[in-house]
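*Asks:* Requesting a structural model of the entry that follows:
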Amino acid sequence: MRRRSFSCKILSVSFLHILDSFHGIIIGSDFLSCDSWRQRVFKMRLVLGMAGASGSIYAERFIKALFTIKGTTFFICSPASLRVFREEMECKVSSPKELLDFIISKYKIQNTSHAFEIRNFADIGADIGSGSNSWKGMVILPCSMKTIASINAGMTENLIERAADVTLKERRTLLLVPRETPYNRIHLKNMLELHDAGAIILPASPGFYQMPKTLEDLGDFISERIFRLLGMELDLYPRWTPRDNDL
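*Replies:* Below you'll find the predicted structure:
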C-alpha cells in the first residue's frame, strides 16, 4: 500500500511537470507570471444580457470587471435597457457599442484582453441562439420581471430570451439578477420555477458589512457574487471578518 501511494505521488508530480512544460511551450516566458496564470485560468466565454430593469450601476461595474480578465462576452442589450442606462447613468448612449465605449472612457480602460461581441437583440437566429455553440454561462443583469416571466414560460421572442432558454436546456449556468422590489406572487412563482429548472436567482441586494462608501462599491459587491457563481474570484470587495468576538 505504501509503495502504491508513493508511486501515485511520483506519477502525479511527473504529470504536473509535463503539463507545466506543455503550457510553457505554448505561452513562453510569461508562464511563471501570476498575472498570466490568472488570465489563463479565468479565460471564458460568457453571454451577458441587459434587460430593461433599473440597476444600471450593477451592469456597468460588472462590465468594467470583465475588462480585467481574458475571455469573450457575447453582449445583448434590449432597447429598454439602453433607455434605463441613459437615465440612470446620465449619459447619451443609443447602442450597445456606445454603452461599452462610455464605460471604457469613464474608467480609462486600456490594453484589455477581453473581447465583447455584440449581438442584435432581435436576431433569434444568431450563433448564441443555438446550443451547438458553447459558453460557460449566461448573466442577465439587470433582469426585468418581464424577462423572467418570458424565460419561465419558454418564450423566445428575442435573443436574450432565446439564449437563456438554450443555456437552461444545455445545463449551463444561468444567472438572473432582478432588482425589482417588492415582489408580488407572480414574481415569486416565476423565480421559484426558474430556480427549480436550474437557473440561479441572484437579487441585486448588496451587503453592507464591507462598509461601502459609494454606489460603485455596491455594484462591485454584486459583480463579485456573480463571478464567484461562475467559478471565479476577482476580490472586488473584502471578505467578511468578525469585528466583535463577544457575540
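*Asks:* Check the contact between K64 and K108; I expect there is one.
*Replies:* No. Look at K64 against K108 with C-beta atoms under 8 Å: they stay out of range, at 10.7 Å. For the C-beta atoms, the positions are set from N, CA and C on the backbone; glycine is no exception.
*Asks:* In contact with A59, which residues?
*Replies:* Counting by C-beta atoms under 8 Å, 6 or more residues apart in numbering, A59 makes contact with 50, 81, 85, 141-142.
*Asks:* Below-threshold pLDDT in this protein: ranges please.
*Replies:* Within the chain, the stretches with pLDDT under 70 are 1-43, 245-247.
*Asks:* redo that, cut-off 80
*Replies:* The model of the chain has pLDDT under 80 over residues 1-43, 243-247.
*Asks:* Just list the residues touching the closest residue to G231 other than its chain neighbours, thanks.
*Replies:* Using C-beta to C-beta, 6 or more residues apart in numbering and skipping residues adjacent in sequence, the residue nearest G231 is K136, 7.7 Å away. K136 sits next to 44-46, 172-173, 230-231 when contact means C-beta under 8 Å, 6+ apart.
*Asks:* Repeat the analysis, applying 6 Å as the threshold.
*Replies:* Going by C-beta atoms under 6 Å, 6 or more residues apart in numbering, K136 touches 44-46.
*Asks:* sorry, back to before: okay, K64 and K108: which has more neighbours?
*Replies:* K64 (19 against 6; other C-beta atoms under 10 Å).
*Asks:* quick check, the more buried one in a helix?
*Replies:* Yes. Assessed with DSSP: H, G, I helix; E, B strand; the rest coil, K64 lies in a helix.
*Asks:* The residue nearest to it when sequence neighbours are not counted: neighbour count?
*Replies:* The shortest distance from K64 to any non-neighbouring residue, by C-beta to C-beta, 6+ apart, is to Y107 (5.4 Å). Here the number of neighbours of Y107 (other C-beta under 10 Å) works out to 14.
*Asks:* was I right about Y107 contacting I63?
*Replies:* No. With contacts counted by C-beta atoms under 6 Å, Y107 stays clear of I63, the gap being 9.5 Å.
*Asks:* can you give me the helices for this protein?
*Replies:* 2-27, 34-42, 56-66, 79-89, 96-106, 145-152, 159-169, 185-197, 215-229 (DSSP state H).
*Asks:* Narrow the contacts of K136 to those that are buried.
*Replies:* 44-46 (16 or more other C-beta atoms under 10 Å).
*Asks:* Now, those that are in strands?
*Replies:* Within the buried ones among the contacts of K136, residues falling in strands by DSSP state E are 44-46.
*Asks:* Please put the alpha-carbon coordinates of stretch 61-78 into PDB.
*Replies:* Taking C-alpha atoms only, stretch 61-78 is exported to PDB below (Å, rounded to 0.1, in the frame of the first residue of the first chain):
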ATOM      1  CA  ARG A  61     -19.400  47.600 -12.700                       C
ATOM      2  CA  PHE A  62     -19.700  44.100 -13.900                       C
ATOM      3  CA  ILE A  63     -18.700  45.100 -17.500                       C
ATOM      4  CA  LYS A  64     -15.800  47.100 -16.000                       C
ATOM      5  CA  ALA A  65     -14.600  44.000 -14.100                       C
ATOM      6  CA  LEU A  66     -14.900  41.800 -17.200                       C
ATOM      7  CA  PHE A  67     -12.400  44.000 -19.000                       C
ATOM      8  CA  THR A  68      -9.800  42.800 -16.500                       C
ATOM      9  CA  ILE A  69     -10.000  39.200 -17.400                       C
ATOM     10  CA  LYS A  70      -9.300  37.200 -20.500                       C
ATOM     11  CA  GLY A  71     -12.200  35.900 -22.500                       C
ATOM     12  CA  THR A  72     -15.100  36.700 -24.700                       C
ATOM     13  CA  THR A  73     -18.500  38.100 -23.900                       C
ATOM     14  CA  PHE A  74     -21.500  37.900 -26.300                       C
ATOM     15  CA  PHE A  75     -23.300  41.100 -25.400                       C
ATOM     16  CA  ILE A  76     -27.000  41.800 -25.900                       C
ATOM     17  CA  CYS A  77     -28.900  44.900 -24.900                       C
ATOM     18  CA  SER A  78     -32.700  45.400 -25.100                       C
END
